[in-house]
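S.K.: Sequence first, then the predicted structure, then my questions.
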Amino acid sequence: MAKSEMKSSANIGSASLILIFIVLCLGTFGLLSLTSAKNDLDLAERNGAAVSGYYQADAKGEAFRMEVDQLVKQAIQENPKDPQTYLEEALKEAYLPDEQAAITEIRMDSGQALMVKIGLSWEEGQGKTWVRQWKVYNYEEYEIDQDMPVWSGE
């Protein structure tokens, strides 16, 4: 009888060790998956903020394009012989007379800006506008942080 009791106690011990190992593995994998999910959420929120910022700048660019289009039409109505003078007064710094264009820069987050350049022409009493350039560029120098805080033992 003593032999049968010893066999069953040895089996319970090994089963307990295997069960403890399985619980530790599942706990570790659970924590790793939670950490991964949190990192994915943070990345999605940053991406959403960047996309939202771009579309806000894009909407402002479209408003600028529509404003320039209206100003060209008004310039043709006001002074069909010389609409350039009217545009110089209306657009001020945004007007580039040598390029026959209007330009604006719309700042976004993370040191980026949206540049919108609208081409202008007026022939035979009709004003025309078109998009020459619509691009996002970095207006600030992009610097990568190379510092690595390492414990010195102190």
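M.R.: Here it is on my side, so go on.

S.K.: Now residue 32: which helix or strand?
M.R.: Following DSSP states H and E, the helix or strand that holds residue 32 is helix 2-78.

S.K.: residues of whatever helix or strand comes next after that helix that come out buried?
M.R.: On the C-terminal side of helix 2-78, the nearest following helix or strand under DSSP H and E is helix 83-91. By neighbour count, with 16 or more other Cβ atoms under 10 Å as the criterion, the buried positions of helix 83-91 are 83, 86, 87, 90, 91. From N, CA and C alone the C-beta is placed, and that goes for glycine too.

S.K.: gap between the second one and residue 71?
M.R.: Using Cβ to Cβ, to the nearest Å, residue 86 is found at 8 Å from residue 71.

S.K.: Find the nearest non-adjacent residue to residue 107, please.
M.R.: If you skip the residues right next to it in sequence, residue 107 has residue 113 as its closest partner in space, 5.0 Å away by Cβ to Cβ, 6 or more residues apart in numbering.

S.K.: Phi and psi next, for the one you found.
M.R.: As for residue 113, its main-chain torsions (degrees, to the nearest 10) stand at phi -140, psi 150.

S.K.: Can you name the residues bridging to it?
M.R.: residue 107, residue 137 (DSSP bridges).

S.K.: Who are the contact partners of it?
M.R.: Shown in contact with residue 113 (Cβ atoms under 8 Å, 6 or more residues apart in numbering): 57, 105, 106, 107, 136, 137, 138, 139.

S.K.: if we can go back for a sec, and which of the buried residues of helix 83-91 is nearest to residue 40?
M.R.: The nearest member of the buried residues of helix 83-91 to residue 40, counting by Cβ to Cβ, is residue 91 at 45.4 Å.

S.K.: ok so, going back, and which of the contacts of residue 113 is nearest residue 47?
M.R.: Comparing the contacts of residue 113 against residue 47 with Cβ to Cβ picks out residue 136 as the nearest, at 14.9 Å.

S.K.: okay, now the closest one: neighbour count?
M.R.: Here the neighbour count serves as a burial measure; for residue 136 (other Cβ atoms under 10 Å) it reads 13.

S.K.: can you tell me how far it sits from residue 34?
M.R.: Using Cβ to Cβ, one obtains 35 Å as the distance from residue 136 to residue 34.
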